[in-house]
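Just to be clear, the model below is a prediction. Sequence and coordinates:
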Amino acid sequence: MDSVKMSPRPSAHILQDIERLSKDQVTLSGGNFVSAEVVGRNENGLVTKLSLDDAVAEGAAVGVIYGYFDASEEDVPGIMHARLTAVLESKLVWPDGITPVQKTGFLAQLAANHIIAR
């Protein structure tokens with residue numbers, strides 16, 4: 001018998017947000033994005049996968065994805081929590097290989113945008 005893995009509901013990582021204020025419609029580029037994934041921006045201003053090389057760059061972590069999007073073949077519209085949001089830290093999705101120091105730096109960058117991890 002085949003089994004199907006269900007994705008978590010898109011808002012599973014959200015403790016609190018403000019309707020019509022916390023989320024932005026953005027253009028996603030460069031892969032599959034899952035809800036609760038911490039993301040950055042590329043040089044063209046598109047939302048993209050977080051780069052561990054940018055962990056010390058100010059503003060490298062710009063938001064948290066809300067929903068599931070496939071931008072592996074072309075840029076697609078998506079939704080991102082960009083401000084004034086409380087999230088469950090344990091539910092955030094990080095790049096493979098992230099260190100505790102890098103994670104702390106990215107969480108501080110999110111906090112600067114008023115995205116607070118609890």
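All right, it came through fine. Predicted model, so just to flag it, every value in this text is computed and none were measured.

A helix includes Phe106, no?
Yes. Counting by DSSP: H, G, I helix; E, B strand; the rest coil, Phe106 is found in a helix.

Could you pull out the strands in the chain for me?
With strands called from DSSP state E, the chain shows them at 14-17, 23-28, 31-33, 38-41, 47-49, 63-65, 69-71, 76-81, 85-87, 115-117.

mind checking which of these is nearest Gly97?
Smallest distance to Gly97 across the strands of the chain (Cβ to Cβ): 12.5 Å, for strand 47-49. For glycine as for every other residue, the C-beta is placed from the backbone atoms N, C-alpha and C.

Give me the helices and strands touching that closest one, please.
strand 23-28, strand 31-33, strand 38-41 (3 or more Cβ pairs under 8 Å, 6 or more residues apart in numbering; DSSP states H and E).

Buried residues, it. List them.
Across strand 47-49, burial judged by 16 or more other Cβ atoms under 10 Å covers Val47, Thr48, Lys49.

mean confidence for that strand?
Mean pLDDT, strand 47-49: 96.

Which strand residues bridge Glu37?
Val93 (DSSP bridges).

Which residues lie in contact with it in this structure?
When contacts are counted by Cβ atoms under 8 Å, 6 or more residues apart in numbering, Glu37 touches Leu50, Val64, Ile65, Leu92, Val93.

what about 10 Å?
13, 31, 49-50, 63-66, 68-69, 80, 92-95 (Cβ atoms under 10 Å, 6 or more residues apart in numbering).

what does Leu84 give?
Gln16, Asp17, Ile18, Leu21, Ser22, Lys23, Asn113, His114, Ile115, Ile116.

wouldn't Leu110 be in contact with His81 here?
Yes. Between Leu110 and His81 there is a contact under Cβ atoms under 10 Å: 9.1 Å.
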